[in-house]
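Chemist: the following block contains a protein sequence and its predicted model.
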Amino acid sequence: MPQLRPNLQQTLWEIPAIVLAIFLALAVDNCNENRKEKALAQKALEAIVLEIQGNRAELESNLADNELKRKQMQATRDSLIALGEGGNVSVSIGYNQILMSNGAWEMAKLSGAIRRFEPRTIQNLSELYHLQDMYINLGNEYFRQLASIGFHQSRAELPRLDASLNLIKMADSVGKSAMKGYDAFLEDHREIAARLEKNSKK
């Protein structure tokens, strides 16, 4: 039986060790990459939580302001109806428009951080930011109409009052849905954070 040369025999023994070293290096690299992705996802989620807390405070204040305007306009409308054609009532219409941030959410999507979010969290955030967009777009559409010629064709003030009242009614409905979504998300986030903290102490 032919004998393997010493160098060849040594090389054959070294091959498994080299392959094992490569696998170990890949595993370590993969673990490091996973840690980096988890850290990125955690920072992204913290930024989103802060963004939602800020948006919630803005929206809560805006809903209260517009409810006050709704009451004032409703009283004006009632006066116009009561006085009829000959009545002279000072009409003031209004709607407070706000901008709510979505920068943290968009950054999380662009960076790929949401891949590490729980599926339920992604779904809840998608719905929340969609409601935010709806709320903002309602106001934008109203102001576009207000600036158009067609909106002012009628001599009477009732159409403008009705349009403003209808906007506040729709915006209030969307805004309250967003508020419920904010509260549910923040509560869910607190529960998850508490559970993770509890598990880390075990």
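Modeler: Received, thanks.

Chemist: where in the protein is pLDDT low?
Modeler: Where the chain drops to pLDDT under 70, the residues are 1-33, 85-87, 148-156, 196-202.

Chemist: could you redo the last one with a cut-off of 80?
Modeler: Scanning the chain for pLDDT under 80 picks out the ranges 1-35, 83-91, 145-157, 192-202.

Chemist: now the helices: where do they sit in it?
Modeler: Assigned by DSSP state H, the helices in the chain fall at 6-83, 103-111, 119-146, 158-201.

Chemist: compare the ones you listed and give me the one nearest N96.
Modeler: Of all those, helix 6-83 sits nearest to N96, with 4.6 Å by C-beta to C-beta. C-beta coordinates here come from the backbone N, C-alpha and C atoms, glycine included.

Chemist: ok, back up a step: of the helices of the chain, which is nearest S92?
Modeler: S92 lies closest to helix 6-83 among the helices of the chain, at 7.1 Å (C-beta to C-beta).

Chemist: so how many other residues sit close to the closest residue to N55 other than its chain neighbours?
Modeler: What sits nearest to N55 in space, not counting adjacent residues and going by C-beta to C-beta, 6 or more residues apart in numbering, is M100, at 4.3 Å. With neighbours defined by other C-beta atoms under 10 Å, the count for M100 comes to 19.

Chemist: how about the contacts made by G139?
Modeler: For G139, the contacting residues are 95, 97-98, 167, 171, by C-beta atoms under 8 Å, 6 or more residues apart in numbering.

Chemist: can you list the neighbours in contact with stretch 94-114?
Modeler: Contact partners of stretch 94-114, identified using C-beta under 8 Å, 6+ apart, comprise 37, 40-41, 43-45, 47-48, 50-51, 54-55, 58-59, 62, 65-66, 69, 73, 117, 122, 125, 129, 132-133, 135-136, 139-140, 142-143, 164, 167-168, 171.

Chemist: what sits against the closest residue to S79 other than its chain neighbours?
Modeler: Excluding its sequence neighbours, the residue lying closest to S79 (C-beta to C-beta, 6+ apart) is V89, at 4.9 Å. Going by C-beta under 8 Å, 6+ apart, V89 touches 76, 79-80, 83, 157.

Chemist: residue nearest the centroid of the protein?
Modeler: With distances taken as C-alpha atoms, centre = their mean, the residue of the chain nearest its centroid is Y129 (3.3 Å).
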